[in-house]
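Student: fold the following.
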Amino acid sequence: MNIPQGKKVYFASDNHLGAPTAEASRPREKKFVAWLDSIKHDAAAIFLVGDLFDFWFEYKTVVPKGFTRTLGKLAEISDSGIPIYFFVGNHDLWMNGYFQEELNIPVYHKPKEFIFNNKTFFIGHGDGLGPHDKGYKRMKKVFTNSFFKWVFRWVHPDIGVKIAQYLSVKNKLISGDDDAEFLGEDKEWLVQYSKEKLNEKHYNYFVFGHRHLPLEIKLNEHSKYINLGDWIGYYTYGVFDGENLELKEYK
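Tutor: Below you'll find the predicted structure:
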């Protein structure tokens, strides 16, 4: 994709709408919608890099209640011709066609490579990557198993969603989240993962979420690791102007 002069590519992740309750996340949702509204005039593309929702599961004819402001704004932007790309996170990985059919937004379940103005990007949520997260990796295999999803669909949504929301907040193994504290590059497993990927192929930018920490780490002379932070405490996002990618804070 060539980014026209004056246009930008935007990245955001980890809104966790619905956590800890729908009411408590409403101010964050309104702030996120205001941000979307503020960038649509110069957005060439928008990437939502996982955990937009704290829980999302698509039944055959039912999706979770709420998030009307966000879904409406995404529909408006998508209908205007601005492409939006959605990567599932560890909290909203049970997507099965709703975004594609209703919002014309492609959904990715694995990291993917993109090229903008000859700059190569490796983009994904970041859960289950790198040398650690072993407990979560085992749990994710269960969650993404077709039999497990079939069984869960037989649970009434009022019960299933309530159980999932409780576990999403209370169980660290299920959430897959680490404490949001920077302990050095050698302990950042997504940094380690990015360095390993560079042994296979060059990328200018690795863009991830999941850690809830806004981070910019130089990997070598031509590659950088970016963690987008979150929309809970930091309200940070990434913006690529056609030449450089940097983190900014929405106030």
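
Student: after the lowest-mean-pLDDT helix or strand in the chain, which helix or strand is next?
Tutor: Least confident element among the helices and strands of the chain, by mean pLDDT, DSSP states H and E: helix 172-175 (a mean of 42). For helix 172-175, the following helix or strand on the C-terminal side (DSSP states H and E) is helix 189-198.

Student: contacts for that next one, please.
Tutor: 122, 126, 129-133, 185-186, 203, 206, 208, 210-211, 217, 219-220, 223, 225, 227 (CB atoms under 8 Å, 6 or more residues apart in numbering). All C-beta spots, glycine's among them, are computed from the backbone N, C-alpha and C.

Student: dump it to CSV, keeping only the CA atoms.
Tutor: Provided in CSV are the C-alpha atoms of helix 189-198 (Å, rounded to 0.1, in the frame of the first residue of the first chain):
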residue,chain,number,x,y,z
TRP,A,189,9.3,-12.0,25.3
LEU,A,190,7.8,-10.1,22.4
VAL,A,191,11.1,-8.3,21.9
GLN,A,192,12.9,-11.6,22.0
TYR,A,193,10.4,-13.0,19.4
SER,A,194,11.0,-10.0,17.2
LYS,A,195,14.7,-10.5,17.3
GLU,A,196,14.2,-14.1,16.3
LYS,A,197,12.1,-13.1,13.4
LEU,A,198,14.8,-10.7,12.2
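
Student: which is the next helix or strand following it?
Tutor: strand 205-208.

Student: that following strand pairs with which strands, parallel or anti?
Tutor: As defined by DSSP bridges, the strand partners of strand 205-208 come to strand 119-123 (parallel), strand 223-228 (parallel).

Student: can you tell me the helix or strand for residue 47?
Tutor: Here residue 47 sits within strand 43-48, counting by DSSP H and E.

Student: let me know the angle separating that strand from strand 119-123.
Tutor: Angle, strand 43-48 to strand 119-123, by axes from the mean of the first three to the mean of the last three CA atoms, to 10 degrees: 30 degrees.

Student: residue 164 and residue 62: what is the separation?
Tutor: According to CB to CB, to the nearest Å, residue 164 stands 13 Å off from residue 62.

Student: and those two? Which one has more around it.
Tutor: residue 164 (21 against 14; other CB atoms under 10 Å).

Student: sec struct for that one, please.
Tutor: Each residue gets one of three states, and residue 164 gets helix by DSSP: H, G, I helix; E, B strand; the rest coil.

Student: just give the closest residue to it, not the sequence neighbours.
Tutor: Sequence neighbours aside, residue 55 is the residue nearest to residue 164 in space, at 4.9 Å (criterion: CB to CB, 6 or more residues apart in numbering).

Student: the one you found and residue 93: what is the separation?
Tutor: Distance, residue 55 to residue 93, using CB to CB: 10 Å.

Student: neighbour-wise, which of these two wins?
Tutor: Per other CB under 10 Å, whichever of residue 55 and residue 93 has more neighbours is residue 55, with 23 against 19.

Student: and the more buried one, how close does it get to residue 235?
Tutor: Plainly put, residue 55 is 21 Å away from residue 235 if you go by CB to CB.

Student: enumerate every residue touching residue 249.
Tutor: Taking CB under 8 Å, 6+ apart, we find residue 249 in contact with 214, 234, 235, 236, 237.

Student: also residue 131?
Tutor: Here residue 131 is in contact with 189, 192, 193 (CB under 8 Å, 6+ apart).

Student: from residue 130, how far out is the first one?
Tutor: When you say that, I think you mean residue 189. On the measure of CB to CB, residue 189 and residue 130 end up 3 Å apart.

Student: repeat that for the last one.
Tutor: Distance of residue 193 to residue 130, computed by CB to CB: 4 Å.
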